[in-house]
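1. can't give you the sequence, but here's the structure:
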């Protein structure tokens, strides 16, 4: 990854004060999220999804599925969590759900990326994004648990439409899929049942290897 | 555009009640927003932006730039507006900002698309999305005005990074750009000044044709 910021290649007009210049520079730098590819195949086209599209999809899911949260959630707060949750992947890259090796270094890579990326913002807003990201990761609030549930449920819908998708990752079985998506049921019993039905049926169809 | 819904090619398990099945079918159908291309070039890659990425970008801008709104805004409500604002383009297509011919039929095409797309949802949620979209379009609330300002400011940042981008559309001059982006200043004097500086400097650099 190139060390230069995008705005260094074409600096904005010098007319803005320091705070505004930092915010606009950050908002240009995050354009990179559109280039971070996930493993999930789109349902509507023959290509992989990127993180920005994925984050938008989760935000819309929050609006429409919030009624199934087992604990009441603040929809606006939950949307903030999903809009921000993958930003660190701009510098840390996407770690696929079934990548055991990548998972070992993921936390360290993402911590470094968070410092670098959020550090482009004025201190108060760097703190704000850091707080949202930490909340998402820790899953200690109902909003964070629901946001994580959306993050797990969304690729299941895409895998279903692809009749396999990342479920076909070598070595992965229905047991792995159930384990890695258990967070759906931790936020919503109803959506946990959705996940269960999709996995059960995917296994029956032969799109997921049988559990050992 | 194909008349079949995406889920018709691969129906979800029959286990879900009518409401949930409608919601999940809609959430799969909207995957198509990731295939609706805008004219704007990305800052981070050599390709055009799609509507889903664009909508995510606006949501993040709302979080970070809300402090510049001239009237207080509800950030969560404004995020809902931007997440939903381009959905009708799934069936109506993107109408470029400088496409005068497309603009003539845009309203009718988008009304039809809204009926068709939102109609996939349970009635209450179809009404909710319709209300959000109408609010965005009418620009009668501070939230809608700020959402529209983000929708105009974001492509200016991309055009700046591309040293022209859609500003180079044949026939377009700095006068057109100023006219079509005036909504930025209607929501925020500070961000209106940002838009002005970017256009003035873009014109000086030769990235926008001089105003006649």
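-> Here it is on my side, so go on. Note that the structure is a prediction, hence the values are computed from the model and not measured.
2. Just the helices from chain A, written as ranges.
-> Applying DSSP state H to chain A gives helices spanning A:6-9, A:18-29, A:51-65, A:75-84, A:89-92, A:100-118, A:123-138, A:142-161, A:174-180, A:183-187, A:189-205.
3. Now do the phi/psi pair for residue A:13.
-> phi -50, psi 150 (degrees, to the nearest 10).
4. how close does it get to chain B?
-> Distance, residue A:13 to chain B, using CB to the nearest CB, to the nearest Å: 4 Å. In this view, the C-beta of every residue, glycine as well, is placed from N, C-alpha and C.
5. Spatially nearest residue to the closest residue to chain B within chain A, not counting backbone neighbours?
-> Here chain A gets closest to chain B at one residue, residue A:76, 2.0 Å apart by CB to the nearest CB. Residue nearest to residue A:76 in three dimensions, not counting chain neighbours: residue B:76, with 2.0 Å by CB to CB, 6 or more residues apart in numbering or on different chains.
6. That neighbour - how many residues pack around it?
-> Using other CB atoms under 10 Å in any protein chain shown, residue B:76 has 17 other residues around it.
7. repeat for residue A:48
-> Residue A:48: 16 surrounding residues under other CB under 10 Å.
8. residues in contact with it?
-> A:37, A:38, A:39, A:40, A:41, A:42 (CB atoms under 8 Å, 6 or more residues apart in numbering or on different chains).
9. 6 Å instead?
-> residue A:37 (CB atoms under 6 Å, 6 or more residues apart in numbering or on different chains).
10. circling back: could you dump the helices of chain A to TSV with mean pLDDT and distance to residue B:125?
-> TSV is the format used below for the helices of chain A (pLDDT from 0 to 100; distance: least, CB to CB, whole Å):
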stretch	mean pLDDT	distance to residue B:125
helix A:6-9	95	38
helix A:18-29	98	31
helix A:51-65	98	6
helix A:75-84	98	13
helix A:89-92	96	30
helix A:100-118	93	34
helix A:123-138	98	25
helix A:142-161	98	16
helix A:174-180	96	29
helix A:183-187	98	19
helix A:189-205	98	15
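11. wait, the residue of chain A closest to chain B sits on residue B:78?
-> No - using CB atoms under 6 Å, residue A:76 is not in contact with residue B:78, being 9.1 Å away.
12. Name the residues contacting each of these two.
-> Common neighbours of residue A:76 and residue B:78 (CB under 6 Å, 6+ apart) do not exist.
13. Flag every residue of chain A that's near chain B.
-> The interface of chain A toward chain B, taken as CB under 6 Å from any CB of the partner chain, is made up of A:6, A:10, A:13, A:15, A:23, A:27-28, A:31-32, A:34-35, A:42-45, A:52-53, A:55-56, A:59-61, A:64, A:76, A:79, A:83, A:157, A:161, A:197, A:201.
14. Please indicate which of those residues are buried?
-> Buried members of the residues of chain A next to chain B, counted by 16 or more other CB atoms under 10 Å in any protein chain shown: A:6, A:13, A:23, A:27-28, A:31-32, A:34-35, A:42-44, A:52-53, A:55-56, A:59-61, A:64, A:76, A:79, A:83, A:157, A:161, A:201.
15. max-length strand in chain A?
-> What stands out as the longest strand in chain A, according to DSSP state E, is strand A:37-41.
16. now it against helix A:142-161, angle please.
-> Interaxial angle, strand A:37-41 versus helix A:142-161 (axes from the mean of the first three to the mean of the last three CA atoms, to 10 degrees): 60 degrees.
17. Counting by contacts, list what strand A:37-41 packs against.
-> Judged by 3 or more CB pairs under 6 Å, 6 or more residues apart in numbering or on different chains; DSSP states H and E, strand A:37-41 is in contact with strand A:48-50.
18. What strands line up against the strand it packs on, and which way round?
-> Under the criterion DSSP bridges, strand A:48-50 sits next to strand A:37-41 (antiparallel) in its sheet.
19. report the angle between the axes of the partner strand and helix A:51-65?
-> When the same axes, to 10 degrees is applied, the directions of strand A:37-41 and helix A:51-65 differ by 50 degrees.
20. Mind checking which residue lies nearest the centre of chain A?
-> residue A:86 (4.7 Å; CA atoms, centre = their mean).
21. Who are the contact partners of the nearest residue to that residue once chain neighbours are set aside?
-> Residue nearest to residue A:86 in three dimensions, not counting chain neighbours: residue A:51, with 4.4 Å by CB to CB, 6+ apart. For residue A:51, the contacting residues are A:33, A:36, A:86, A:89, by CB under 6 Å, 6+ apart.
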